[in-house]
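In: what's the 3D shape of this:
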Amino acid sequence: MEIKKNPPVLLIMGLNANCKYWDQEFIDELVTNNFYVITFDNRDVGKSTWFGEEPFVMKVLGVLCHLLLMNT
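Out: Predicted coordinates for the structure are as follows:
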């Protein structure tokens with residue numbers, strides 16, 4: 001996996017919307033200012049897989065910890 005040197009910015013969309021709702025000009029501005037932009041679809045939204053009622057808090061924390069460790 002490639003390690004990014006630019007500081008990461010994690011954009012989390014709310015209100016049951018998918019990551020495509022982020023304004024491209026906003027993302028482009030962050031990239032222009034040397035940020036590494038991360039977007040994703042929340043669980044059961046957009047192109048993500050639907051998992052039903054399975055608890056997922058620990059899985060999300062694991063992914064976030066992994067991303068933070070890659071950029072330290």
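
In: What are the phi and psi values at the residue nearest the centre of the chain?
Out: When CA atoms, centre = their mean is applied to the chain, the residue found nearest the centroid is T39 (3.5 Å). Backbone torsions for T39, taken as degrees, to the nearest 10, come to phi -120, psi 160.

In: and the nearest residue to it once chain neighbours are set aside, how many residues sit next to it?
Out: By the measure of CB to CB, 6 or more residues apart in numbering, the closest residue to T39 outside its immediate chain neighbours is C19, 4.0 Å from it. Yep, even glycine has a C-beta here, placed from its N, CA and C like the rest. As a burial measure, C19 scores 18 neighbours (other CB atoms under 10 Å).

In: quick one: C19 from L11, how far?
Out: 7 Å (CB to CB, to the nearest Å).

In: which parts of stretch 33-44 are buried?
Out: 37, 40, 42 (16 or more other CB atoms under 10 Å).

In: related to what we said a few turns ago, for the residue nearest to the centre of the chain, name its beta-bridge partners.
Out: For T39, the beta-bridge partners under DSSP bridges are L11.
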